[in-house]
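S.K.: coordinates only, sequence not included:
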């Protein structure tokens, strides 16, 4: 029996050593990239000896196997120093016996140690007991043998699976290449995209499964923890704490509500729920307004160009034709633009806020238009000697070398035979006389060299040559003979013609001016303010509420300016932005109770407001529109901004304010419109807050006042 057991152990050791050698050879071949070639030539003697020799020479194999005894280590050192594969044969017996001895000792040690632990666990003596040590050793050896066989089988199966997987991959690649030969480049690209999508979906599925597994593991860990706590509680330990369900953290809100979320003050649960219920919106309206304002500025610069840059007017001189056609030396003061943009005349032509274009202005007509018409009562035709050029003017202005016909303007009513409409008796609604009837009227046959030219925003008109009118950037009327025949305000205001002559009705300028800006620098600061705090307001309120606050503030601001600074050219979205500043004040006061330092926040807003009002003394900046926009912005914010309440009384107070402010906003707009239409506001000194005379004529030079 002992001989039979020794024989079985010997067979086991030999098999194990053979498995180790074959596994080591396979590993070494995989590392060197020669696995496929070794499998094809497994029966070749020379290749097999060479591969075995190379694998045995590796230090990793020597260190792994040669840890048993000194004889094994020395044998592998000699093997490592071998110079040829043929030197392996003389040492085969020594290495084999050394390996069998080492593996046998390791097997016996691995068997005896569990036997000793098992005996101690059952309280038995390792060397005694009912069963003999040999029988227990045989059982453990049998178990170890089964484990080794199972492990070897698993390794072989894994290797076979990898080989099959590589083979399938190679077949797919080969099939794909064959298919791509008959495909166009576009089809190949689409196929690559589909493969990439499939890879991405597989990756997402693996990631999701790994995440689900992690979640399950986390739940299992929590379950075990709860079980430990319950067991501890049942054994008299501390009461386990109830696990709280975490709430999803809300995103940071803009403005003072966002500061409220970070406040160190204790906030009531009701207030927290209200804050969580306020969602953050996308600022579509702010982006739309910014886009429109940039496009309008680009069009204005491309079509009309820029005015001279500076503060003081610039004088230009040239030699042009006079009214009678003779050359004269002329000079003209060009209005500058501090903001790098179009001239004031162009701004009015494009839709800037300018009261004389929006209503019948009594001061303009009494001081400019009507005196020009009265002067025409003394007009006659100043005809050059010889019957050449002629123009209408007074006798004092007519050249002494010319012939002047009193009371007969050039091409006037004396040249008419009948009125065209049959009802009006005023010139020029008439039918001209025939040439044979005009032989005795030199004022009808001469060449008119000067016609009406509108020269200022106030509606000034004079009889000038076309060359001179173009030189002074005026509007020349080539078909009219007298200033009474034209409406200078209509020609200078542009846009849609007036419904009635001398009755300006372009009230829509209070809206158009929001999209138009004085220059590039002005637009830059407006966009900067848009993206500083106006976007935060829209994120809090949404584009629909933002639209009402923005438009009401802008229109209300320009209505204020039209009443208190009617002759100032104003453009830009500044009134609406001041309305946004008023919204910040409203939001601050509505959240005052829970802010960490509300007084400091109020001081910062106050400083910003004062600095912004100080900028209003610069040219083309209208402080009255800023004040009006701020007032309407505060009132509109109370109505349209979302708010939070701190109790029943606070909720009642805020709802009452809304019911009061909603009709108040409408009433303010209506009252300002009525005051503007009826010219009820007469405040000569109100322009003080709009402009400070840095120089003696700074305000008048920069069209703060056109009269």
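M.R.: Arrived safely, thanks for sending. Computed from a predicted structure; not experimentally measured.
S.K.: Roughly how far does residue 449 sit from residue 468?
M.R.: Here residue 449 is placed at a distance of 11 Å from residue 468 (Cβ to Cβ, to the nearest Å). (C-beta placed from N, C-alpha, C; glycine too.)
S.K.: shared neighbours of those two, anything?
M.R.: In terms of Cβ atoms under 8 Å, 6 or more residues apart in numbering, residue 449 and residue 468 are both contacted by the residues 321, 323.
S.K.: average pLDDT for stretch 191-210?
M.R.: Confidence for stretch 191-210, expressed as mean pLDDT, is 79.
S.K.: Buried residues, it. List them.
M.R.: Taking 16 or more other Cβ atoms under 10 Å as the basis for neighbour counts, none of the residues of stretch 191-210 comes out buried.
S.K.: any chance you could map the helices in the stretch 501-650 of the chain?
M.R.: With DSSP state H, counting those that start in this stretch as the criterion, the stretch 501-650 of the chain has helices at 509-512, 520-529, 535-541, 543-564, 574-590, 598-614, 623-640, 648-678.
S.K.: I'd like to know which of these lies nearest to residue 285.
M.R.: Between residue 285 and the helices of the stretch 501-650 of the chain, the shortest gap by Cβ to Cβ is with helix 543-564, which sits at 4.1 Å.
S.K.: Export the helices of the stretch 501-650 of the chain to JSON lines and append columns for mean pLDDT, mean neighbour count and distance to residue 307.
M.R.: Compiled in JSON lines, these are given as follows (pLDDT from 0 to 100; neighbours: other Cβ atoms under 10 Å; distance: least, Cβ to Cβ, whole Å):
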{"stretch": "helix 509-512", "mean pLDDT": "94", "mean neighbour count": "20", "distance to residue 307": "20"}
{"stretch": "helix 520-529", "mean pLDDT": "92", "mean neighbour count": "18", "distance to residue 307": "12"}
{"stretch": "helix 535-541", "mean pLDDT": "90", "mean neighbour count": "23", "distance to residue 307": "32"}
{"stretch": "helix 543-564", "mean pLDDT": "94", "mean neighbour count": "24", "distance to residue 307": "22"}
{"stretch": "helix 574-590", "mean pLDDT": "92", "mean neighbour count": "25", "distance to residue 307": "20"}
{"stretch": "helix 598-614", "mean pLDDT": "89", "mean neighbour count": "14", "distance to residue 307": "24"}
{"stretch": "helix 623-640", "mean pLDDT": "93", "mean neighbour count": "25", "distance to residue 307": "21"}
{"stretch": "helix 648-678", "mean pLDDT": "92", "mean neighbour count": "13", "distance to residue 307": "28"}
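S.K.: So which of those helices is nearest residue 331?
M.R.: Ranking the helices of the stretch 501-650 of the chain by their distance to residue 331 (criterion: Cβ to Cβ) puts helix 520-529 first, at 29.0 Å.
S.K.: what residues does the closest one touch?
M.R.: The contact list for helix 520-529 (Cβ under 8 Å, 6+ apart) reads 290, 293-294, 297, 301, 338-341, 517, 571-574, 577, 580, 620-621.
S.K.: and if we set it to 7 Å?
M.R.: Residues external to helix 520-529 that are found in contact with it (Cβ atoms under 7 Å, 6 or more residues apart in numbering): 290, 293, 297, 339-341, 517, 572-574, 577.
S.K.: Same check on stretch 298-314?
M.R.: The contact list for stretch 298-314, computed with Cβ under 7 Å, 6+ apart, reads 333-338, 340-343, 346, 350, 701.
S.K.: Now, of the contacts of helix 520-529, which are buried?
M.R.: Burial by neighbour count, judged by 16+ other Cβ under 10 Å, picks out 290, 293, 297, 339-341, 517, 572-574, 577 from these.
S.K.: Distance to residue 647 for these - can I get that in TSV?
M.R.: As requested, the buried ones among the contacts of helix 520-529 are exported to TSV (distance: Cβ to Cβ, whole Å):
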residue	distance to residue 647
290	40
293	43
297	49
339	49
340	53
341	52
517	45
572	42
573	38
574	38
577	34
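S.K.: In these, find the pair that's most separated.
M.R.: When Cβ to Cβ is used, the two most widely separated members of the buried ones among the contacts of helix 520-529 are 340 and 577, lying 20.0 Å apart.
S.K.: Export the helices of the stretch 501-650 of the chain to a markdown table and append columns for distance to residue 443.
M.R.: Written out in a markdown table, the entries for the helices of the stretch 501-650 of the chain read as follows (distance: least, Cβ to Cβ, whole Å):
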| stretch | distance to residue 443 |
| --- | --- |
| helix 509-512 | 41 |
| helix 520-529 | 50 |
| helix 535-541 | 66 |
| helix 543-564 | 44 |
| helix 574-590 | 53 |
| helix 598-614 | 58 |
| helix 623-640 | 50 |
| helix 648-678 | 43 |
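S.K.: With respect to residue 150, which of the ones you listed lies nearest?
M.R.: Closest to residue 150 of the helices of the stretch 501-650 of the chain, according to Cβ to Cβ: helix 535-541, at 64.8 Å.
S.K.: Are there helices or strands packed against the closest one, and which ones?
M.R.: helix 255-261, helix 284-304 (3 or more Cβ pairs under 7 Å, 6 or more residues apart in numbering; DSSP states H and E).
S.K.: Tell me which of these sits most buried.
M.R.: Ranked by mean neighbour count, the helices and strands packed on helix 535-541 are led by helix 255-261 with a mean of 20 (mean count of other Cβ atoms under 10 Å).
S.K.: Skipping adjacent residues, who's closest to residue 294 in space?
M.R.: Closest residue in space to residue 294, ignoring its immediate chain neighbours: residue 523 at 7.1 Å, by Cβ to Cβ, 6 or more residues apart in numbering.
S.K.: next one: residue 471
M.R.: Leaving aside its chain neighbours, residue 471 sits nearest to residue 320 (5.2 Å; criterion: Cβ to Cβ, 6+ apart).
S.K.: Tell me what the one you found is bridged to.
M.R.: Residues in a beta bridge with residue 320, per DSSP bridges, are residue 328.
S.K.: do you know how far it is from residue 580?
M.R.: Taking Cβ to Cβ as the criterion, residue 320 is separated from residue 580 by 49 Å.
S.K.: Residue 446 now?
M.R.: Using Cβ to Cβ, one obtains 62 Å as the distance from residue 446 to residue 580.
S.K.: residues near residue 186, how many?
M.R.: Using other Cβ atoms under 10 Å as the criterion, residue 186 is surrounded by 8 other residues.
S.K.: Looking at per-residue confidence, what score does it get?
M.R.: According to the per-residue confidence, residue 186 scores 82 in pLDDT.
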